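1. Mind folding the following:
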Amino acid sequence: MRAAWVGTVVWLAGDVAGATPTEPNGLTNQLQAAKECVKCHSFANPDEIVDQPFVTPAAWQGGMMANAARDPVFWAGLAIAKQDAPDETAACVRCHVPRAFVGGRQEVAGIDELTEDDLTGVDCDLCHRLVDDGETPPGNALYVIDDVLAPSGEIAKRGPWDYTEDLVPMHAWLADPYMGDSRTCGTCHDVTTQRQRVDSLGDPQGGNFGEQRTYSEWKNSAYGVDGGANFKSCQDCHMPAVNDVAGCAEFVGQGDSHPTGGRRHDLGGANRRMVEVLKKLYGDAGDGAIGDAFFDIAIESIDRTLAEAATLTVEAPAMVDLGQGISGWKVRVTNETGHKLPSGYSEGRVMWLEVVARYAGEVVYSSGRWTSGQGIEQDMQLRTYEGVAAEYGTEQRFHLLRNNTWLVDTRIPPLGLKKDIETDPVGIRYTPLQDQTWPNYDDVSYIFLTADPVVDVTPGDSEDDVMDLSVRLLYVVNTPEYVEFLADENTINAAGQFAFDAIAQHGSDEPLVLAEWGQSVPLTGLVQPSGSTSGVGESSGSGESGVPTSGGVPTTGGVPTGGGFGESTSYTQEDVDLSYSGCTCRSSGPGAALWVLLLGFGVRRRRR
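-> Numbering: from 1, shown residues only. From the prediction side, this is the model:
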């Protein structure tokens with residue numbers, strides 16, 4: 001017999017008013033195992049939408065939410081945090097392994113300490129029992145979990161649907177709009193550490209360090225204005241709405257559906273490379289815990305969100321004369337997301353522009369090319385988008401629980417982002433618009449001056465004398481430098497080495513392409529071949545096209561519009577407020593300390 005319970009959110013709210021965040025061992029009624037939910041909530045699309053992305057809630061299994069407790073980079077980062085601040089890591093577990101946290105095992109340090117049910121990460125019953133108590137602020141996984149029994153003797157599952165008496169699910173339920181509110185996502189997607197935030201001079205900034213502010217970025221943007229022309233919730237992008245579907249296999253089999261309110265559960269983000277690694281570890285070819293089909297659904301969803309994240313607008317020269325070089329090659333990157341681009345946990349994450357000019361398939365000019373296993377080519381025009389946090393005084397990076405200052409934050413703001421110290425860019429790259437919001441775009445202009453001789457590979461035929469211009473917006477979630485750091489610095493267990501090996505064996509460090517542009521233009525200035533010519537290709541002391549280069553800019557010219565320091569720390573002089581050192585020069589003296597600091601951050605840590 002079905003246990004049907006029809007209630008309203010108003011009725012239940014009275015029973016949870018004044019509730020506080022759920023603490024370890026604080027639940028009387030434990031979370032239901034996700035494997036029990038999947039039994040009924042796994043089904044194929046009905047015939048009417050068979051060609052659309054899967055709508056089954058079980059699609060959640062292949063994404064990063066479901067695998068928050070399996071992510072090897074999380075455990076490697078937690079190990080470093082344990083070394084730095086062993087009494088402060090419960091908050092990390094609270095977010096990534098909620099079952100362990102509420103079960104009183106908040107001090108776990110490795111995946112081997114988890115139960116089978118813990119491994120489902122941020123799962124069904126956690127989300128569908130969340131309550132807004134009206135008091136608990138968003139962030140730091142301070143979730144309030146419903147622990148009040150329905151008349152049927154079970155905890156009601158909260159969601160967007162209401163039911164009629166002749167069509168009710170087989171468990172207690174409650175129609176609750178909170179499930180569709182971005183505040184639900186904000187439970188975990190703002191993170192504040194216990195370190196007091198300081199500015200570039202070491203002065204306190206009025207609060208603790210905001211390690212990530214994805215929810216606040218959205219809330220402070222045009223997308224977070226309820227009723228505004230640009231309003232979009234987190235769910236609108238990451239859990240797209242679907243019409244005329246049912247939520248469980250029984251209803252689908254009966255041909256029943258709900259006209260509105262359903263959402264996809266694939267929860268697309270940007271961490272495609274880690275999903276690929278997880279598929280190898282836990283999919284059909286791994287331990288078989290999750291079917292490959294679910295990882296494939298997650299990857300397709302990530303590809304969708306990546307394709308919608310940004311746009312490129314390019315103004316390119318009508319032709320190129322190698323004797324004159326290239327000027328006026330302008331690129332605008334526009335952030336189309338509802339938060340900074342990129343957003344979230346900043347360690348190891350960088351987005352950048354790759355700009356390349358090729359003749360006959362060989363590179364003549366370039367900026368921002370990627371070298372597998374090493375990272376981004378550090379040239380003087382490199383344009384990156386990243387948040388670089390560190391510990392003031394020691395200048396140490398990658399230590400989440402020691403970070404207390406932003407050296408620079410050049411991530412592109414979302415549309416209409418209001419000025420707020422918690423979400424403002426850091427540095428001097430961006431200038432507020434007339435309405436005092438931050439621009440959701442970045443403009444870059446590239447100049448490449450005269451090149452050394454490039455030999456015409458088809459002498460006598462000027463019809464194919466063209467230069468192929470390309471621009472790509474690239475993104476890496478875990479740079480080689482960061483992954484090596486996790487392996488080298490981990491001393492309490494083998495989590496860092498496991499993450500390093502898993503990525504090396506099962507992953508790819510090739511960057512993700514968020515947007516790209518290409519165009520071919522007429523080319524002049526080629527040199528006719530002679531008996532002693534070396535043609536287009538490699539030559540001693542030269543770049544790929546026989547053009548001597550220094551950091552991607554021809555040694556015979558090249559105007560730097562930004563500079564990289566070291567192999568992966570690549571924010572530019574123009575991005576950094578030089579008041580950090582009290583000087584604007586690079587000579588010896590007080591000002592030199594900043595440049596030593598920046599250069600030091602670029603030194604790669606070699607795996608032991």
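2. Just give me the neighbour total for the residue lying closest to Tyr385 once chain neighbours are set aside.
-> Nearest residue to Tyr385, sequence neighbours excluded (CB to CB, 6 or more residues apart in numbering): Met351, at 4.3 Å. Glycine gets a C-beta too; all of them are placed from N, C-alpha and C. By other CB atoms under 10 Å, 26 other residues sit near Met351.
3. Phi and psi next, for Met351.
-> Main-chain dihedrals, Met351, degrees, to the nearest 10: phi -120, psi 150.
4. Could you check how far it is from Val131?
-> When distance is defined by CB to CB, to the nearest Å, Met351 is 36 Å away from Val131.
5. who's the residue nearest to Tyr385 bridged to?
-> As for beta bridges, Met351 partners with Tyr385, Tyr475 under DSSP bridges.
6. On the three-state scheme, the nearest residue to Glu489 once chain neighbours are set aside is what?
-> Nearest-residue entry for Glu489: Ile80, 5.9 Å, with adjacent residues in sequence omitted and distances by CB to CB, 6+ apart. Three-state assignment for Ile80 (DSSP: H, G, I helix; E, B strand; the rest coil): helix.
7. Ile80 contacts Gly496, doesn't it?
-> Yes - under the criterion of CB atoms under 8 Å, Ile80 makes contact with Gly496 at 7.5 Å.
8. intersection of neighbour lists for these two?
-> 486, 489-490 (CB atoms under 8 Å, 6 or more residues apart in numbering).
9. Neighbour-wise, give me the winner out of those residues.
-> Leu486 (28 neighbours).
10. So for the helix or strand hosting it, mean pLDDT?
-> For Leu486, the enclosing helix or strand under DSSP states H and E is helix 480-489. Mean pLDDT, helix 480-489: 97.
11. and whichever helix or strand comes after that helix, what does it pack onto?
-> Later in the chain than helix 480-489, the nearest helix or strand by DSSP H and E is helix 495-506. On a contact count with 3 or more CB pairs under 8 Å, 6 or more residues apart in numbering; DSSP states H and E, helix 495-506 meets helix 72-84, helix 272-282, helix 480-489.
12. wait, what's in contact with Tyr446?
-> 326, 329-331, 355, 367, 381, 561.
13. before we move on, back to that, so which of the helices and strands packed on helix 495-506 is the most packed in?
-> Comparing the helices and strands packed on helix 495-506 by mean neighbour count (mean count of other CB atoms under 10 Å), helix 72-84 comes out on top with a mean of 24.
14. immediately after that one, which helix or strand?
-> helix 90-96.
15. Residues contacting that next one, please?
-> Contact with helix 90-96 is made by 24, 68-69, 71, 74, 77-78, 81, 100-101, 105-108, 121-122, 140-141, 188, 191, as judged by CB under 8 Å, 6+ apart.
16. How far off centre is the next helix or strand after that helix?
-> As assigned by DSSP H and E, the chain's next helix or strand after helix 90-96 is helix 98-102. In this view, helix 98-102 has its centroid 24 Å away from the chain centroid, taken as CA atoms, centre = their mean, to the nearest Å.
17. and what of stretch 327-338?
-> Counting by CA atoms, centre = their mean, stretch 327-338 is centred 19 Å from the centre of its parent chain.
18. What is the helix holding Leu486 packed up against?
-> Right, helix 480-489 is packed against helix 72-84, helix 495-506 by 3+ CB pairs under 8 Å, 6+ apart.
19. May I see the ones you listed arranged in JSON lines, with distance to Ile145 and mean pLDDT as well?
-> Shown next, in JSON lines, are the helices and strands packed on helix 480-489 (distance: least, CB to CB, whole Å; pLDDT from 0 to 100):
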{"stretch": "helix 72-84", "distance to Ile145": "22", "mean pLDDT": "98"}
{"stretch": "helix 495-506", "distance to Ile145": "28", "mean pLDDT": "98"}
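20. Quick one: closest of these to Glu391.
-> helix 72-84 (9.2 Å; CB to CB).
21. quick check: longest strand of this structure.
-> strand 512-524 (DSSP state E).
22. circling back: quick one: which of the helices and strands packed on helix 480-489 is nearest Asp176?
-> Ranking those by proximity to Asp176 (CB to CB) places helix 72-84 first, at 29.3 Å.
23. who's in contact with the closest one?
-> So helix 72-84 is in contact with 68, 88-89, 92-93, 96, 109-111, 274, 277, 281, 347-348, 398-402, 478, 483, 486-487, 489-493, 495-496, 498-500, 502-503, going by CB under 8 Å, 6+ apart.
24. and if we set it to 7 Å?
-> Here helix 72-84 makes contact (CB atoms under 7 Å, 6 or more residues apart in numbering) with 68, 89, 92, 96, 109-111, 274, 399-402, 478, 486, 489-493, 495-496, 498-499, 502.
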